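Novice: fold the following for me, if possible:
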Amino acid sequence: MEKNTGPRVLRALAVVIFSLTVGTIGFWFLSDQVVTVGDCLYMTIITLSTVGYGEIIPMTGPTRFFASVLIVFGMGSLIYFGSTVIAFFIEFDLTQMRRRKRMQKNIKNLHDHVIVCGVGTTGAHVVTELIAAKTPFIMLESHEERIRELGEIAEVDGRDHPYIIGDATEDRLLEQAGLERAFGLVAALPSDKDNLYIILSARQANPKLRIVARATEKDAPPKMIHAGANRVVSPNFIGGLRIASEMIRPQVVEFLDMMLRDQTQNTRIEQIVLSEDSPLAGKRLAETNIRKATDVLVIAVRNQSGDYVYNPGPDTLIEAGATMVVLGSMNSIIRLRKSLSARSPTISLID
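Specialist: Sure, this is the predicted structure:
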């Protein structure tokens with residue numbers, strides 16, 4: 001909807017109120033009998049609306065002339081107000097229709113995205129981080145007011161993020177969200193049973209999908225892992241660890257919080273998965289140009305066997321298919337990913 005539609009309706013309403021005020025005052029002064037303000041207002045209303053009821057104020061020469069002028073200009077104000085209100089609702093409907101069509105088109109074009117099932121107390125934070133990490137996603141939520149509450153967060157990067165209103169446990173909606181084309185799925189519904197059902201449905205539809213689920217009950221994580229979830233996160237468990245960390249290592253927690261909340265630098269810890277034909281495969285860290293070219297710091301390397309090398313030294317060998325855990329701004333990390341995935345990289349990562 002156009003931004004000036006609301007003020008235009010208010011202006012039209014002000015014109016109507018002005019016409020009613022002028023008509024009431026005019027009949028009050030022009031009447032040669034004792035009349036009340038209510039009588040004058042009533043006379044103004046039936047004059048402007050042309051309903052044809054009986055005249056309760058004697059229509060003398062000046063009064064008839066005033067009523068004629070009031071009909072001409074007053075009816076114009078009513079027509080203007082009515083047309084503005086109608087245009088308001090028509091524009092609203094058209095805007096909503098265009099937005100739905102644009103959103104449906106965006107959903108069909110989504111690839112390698114994340115489906116967030118449930119944007120309540122947990123899912124809202126997931127969405128916030130996905131926006132900060134510039135990761136494409138779609139929200140699946142049954143309560144539309146929760147989507148509206150996320151409006152201010154979603155507008156931070158100036159984009160309109162797609163969503164579907166409905167029950168995330170319905171296979172039809174998961175398919176509509178592009179489940180077969182998705183990279184990952186977050187099951188963040190309040191009920192462990194609903195999350196378990198989503199895991200089963202999603203894993204059956206997309207065996208390669210990465211699924212991260214929220215669990216409340218202590219016996220739920222093993223069941224979810226068995227059903228097909230890659231990872232299960234318990235907010236109660238994480239909350240307990242956070243409280244303990246705040247007690248015994250507050251400066252570390254403060255550092256991590258500041259890193260995640262810093263809107264100017266937008267520094268993040270991310271992972272870079274190397275393909276089998278990556279130019280970095282088989283190279284030692286000292287032979288790469290990662291730090292100099294992208295200003296990204298490699299803080300750990302996970303090889304295909306699953307072993308981690310923390311704080312890797314210059315002689316650390318980077319194997320094909322390894323995962324690098326890096327620290328840097330999102331723009332630098334995105335530049336590194338693009339260079340690794342491009343056939344003709346814009347920057348050289350090998351000295």
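Novice: all strands of the stretch 101-250 of the chain, in order?
Specialist: Taking DSSP state E, counting those that start in this stretch as the criterion, the stretch 101-250 of the chain carries its strands at 114-117, 137-141, 163-165, 184-187, 210-214, 231-233.
Novice: turn the ones you listed into JSON lines, columns for distance to V16 and mean neighbour count.
Specialist: All C-beta atoms are positioned from the backbone trio N, CA, C, and that covers glycine. Below are those laid out as JSON lines (distance: least, Cβ to Cβ, whole Å; neighbours: other Cβ atoms under 10 Å):
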{"stretch": "strand 114-117", "distance to V16": "46", "mean neighbour count": "26"}
{"stretch": "strand 137-141", "distance to V16": "40", "mean neighbour count": "25"}
{"stretch": "strand 163-165", "distance to V16": "37", "mean neighbour count": "19"}
{"stretch": "strand 184-187", "distance to V16": "51", "mean neighbour count": "26"}
{"stretch": "strand 210-214", "distance to V16": "53", "mean neighbour count": "22"}
{"stretch": "strand 231-233", "distance to V16": "57", "mean neighbour count": "16"}
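Novice: for K105, find the nearest of those strands.
Specialist: strand 137-141 (12.7 Å; Cβ to Cβ).
Novice: count of neighbours near E319?
Specialist: E319 has 19 neighbours, counted by other Cβ atoms under 10 Å.
Novice: compute the distance between the residue lying closest to it once chain neighbours are set aside and L274, please.
Specialist: Nearest residue to E319 in three dimensions, chain neighbours excluded: N303, at 5.0 Å (Cβ to Cβ, 6 or more residues apart in numbering). Using Cβ to Cβ, to the nearest Å, one gets 10 Å for the distance from N303 to L274.
Novice: could you pull up phi and psi at the residue nearest to E319?
Specialist: phi -80, psi 180 (degrees, to the nearest 10).
Novice: re the thing from before, nearest to I17, out of the strands of the stretch 101-250 of the chain?
Specialist: strand 163-165 (38.1 Å).
Novice: give the contact list for H161.
Specialist: Contact analysis of H161 by Cβ atoms under 8 Å, 6 or more residues apart in numbering lists 127, 131, 137-139, 154.
Novice: so for the helix or strand harbouring I334, what's the average pLDDT?
Specialist: Following DSSP states H and E, one finds I334 within helix 330-341. Here helix 330-341 scores 82 as its mean pLDDT.
Novice: and it, which residues are buried?
Specialist: For helix 330-341, burial by neighbour count (16 or more other Cβ atoms under 10 Å) applies to 330, 332-333, 335-337, 339-340.
Novice: returning to what we had before: for N303 and L274, work out which one has more neighbours and name it.
Specialist: Neighbours per residue, other Cβ under 10 Å: of N303 and L274, the larger number sits with L274, 19 against 16.
Novice: quick check on that one: phi, psi?
Specialist: phi -90, psi 130.
Novice: check it and give its pLDDT.
Specialist: 86.
Novice: for the closest residue to it other than its chain neighbours, grab phi and psi.
Specialist: Leaving aside its chain neighbours, L274 sits nearest to A322 (5.3 Å; criterion: Cβ to Cβ, 6+ apart). Reported as degrees, to the nearest 10, the phi and psi values for A322 are phi -70, psi 160.
Novice: tell me how this structure divides into domains.
Specialist: The chain breaks down by automatic domain parsing into domains covering 5-106, 111-239, 266-341.
Novice: mind putting these in a markdown table, distance to P250 included?
Specialist: What follows is the domains of the chain, written out as a markdown table (distance: least, Cβ to Cβ, whole Å):
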| stretch | distance to P250 |
| --- | --- |
| domain 5-106 | 42 |
| domain 111-239 | 16 |
| domain 266-341 | 19 |
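Novice: after the helix or strand R268 falls within, which helix or strand is next? Please name it.
Specialist: Taking DSSP H and E as the criterion, R268 maps to strand 267-273. Later in the chain than strand 267-273, the nearest helix or strand by DSSP H and E is strand 283-284.
Novice: now that next one: how far from the chain's centre is it?
Specialist: 41 Å (Cα atoms, centre = their mean, to the nearest Å).
Novice: swap in stretch 35-53?
Specialist: The answer for stretch 35-53 is 50 Å, by Cα atoms, centre = their mean.
Novice: max-length helix in the protein?
Specialist: helix 61-109 (DSSP state H).
Novice: for that one, what does the pLDDT average out to?
Specialist: pLDDT averaged over helix 61-109 gives 75.
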